[in-house]
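Asks: Let me see the structure of the following:
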Amino acid sequence: MKNIFSKLTGAKDTSAATNVVTSYTKEFPYLPSYHWVQATEYTSATSNELLAKAKYIIHNSKDTVVYDAYKVILERDGWTITEETPVINFLAKKDLHEANISFSIFEDDVLLTVLSK
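Replies: Predicted structure coming up:
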């Protein structure tokens with residue numbers, strides 16, 4: 001079943017031992033996606049702005065749920081949380097990559113904002 005799911009979604013299987021399928025964002029191919037969401041907005045890095053920026057909406061969810069779940073997704077993929085303000089944002093690092101991830105409520109949805117390089 002896992003192989004069929006990976007083929008259908010284009011997800012990359014990074015942890016066969018735990019049967020967890022990890023999908024990566026189109027905007028940041030090294031950054032695991034939160035349940036395969038799509039970006040609503042994306043701005044590339046430039047010589048003036050060293051970090052690229054993407055915004056995602058997670059429909060009908062709570063910020064605490066998204067915060068906790070996304071933190072687990074990143075840690076399972078080998079990211080280290082270096083700083084955090086619970087339910088508001090955290091900084092994560094893996095290899096040469098860094099990500100500043102913020103969470104906010106937008107009506108019944110959660111807005112996830114990622115600044116990364």
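Asks: Going along the chain, name the strands of the protein.
Replies: 12-15, 20-22, 39-43, 52-58, 80-85, 89-94, 97-106, 109-116 (DSSP state E).
Asks: Ok, which of those strands comes nearest Tyr67?
Replies: Of all the strands of the chain, it is strand 97-106 that lies closest to Tyr67, at 5.2 Å by Cβ to Cβ. (C-beta placed from N, C-alpha, C; glycine too.)
Asks: residue nearest the centroid of the chain?
Replies: Ser33 (4.1 Å; Cα atoms, centre = their mean).
Asks: contacting residues for that residue?
Replies: Applying Cβ atoms under 8 Å, 6 or more residues apart in numbering to Ser33 gives the contacts Thr22, Ser23, Tyr24, Thr25.
Asks: same thing but at 7 Å, please
Replies: Ser33 makes contact with Ser23, Tyr24, Thr25 under the criterion Cβ atoms under 7 Å, 6 or more residues apart in numbering.
Asks: That'll do, ta.
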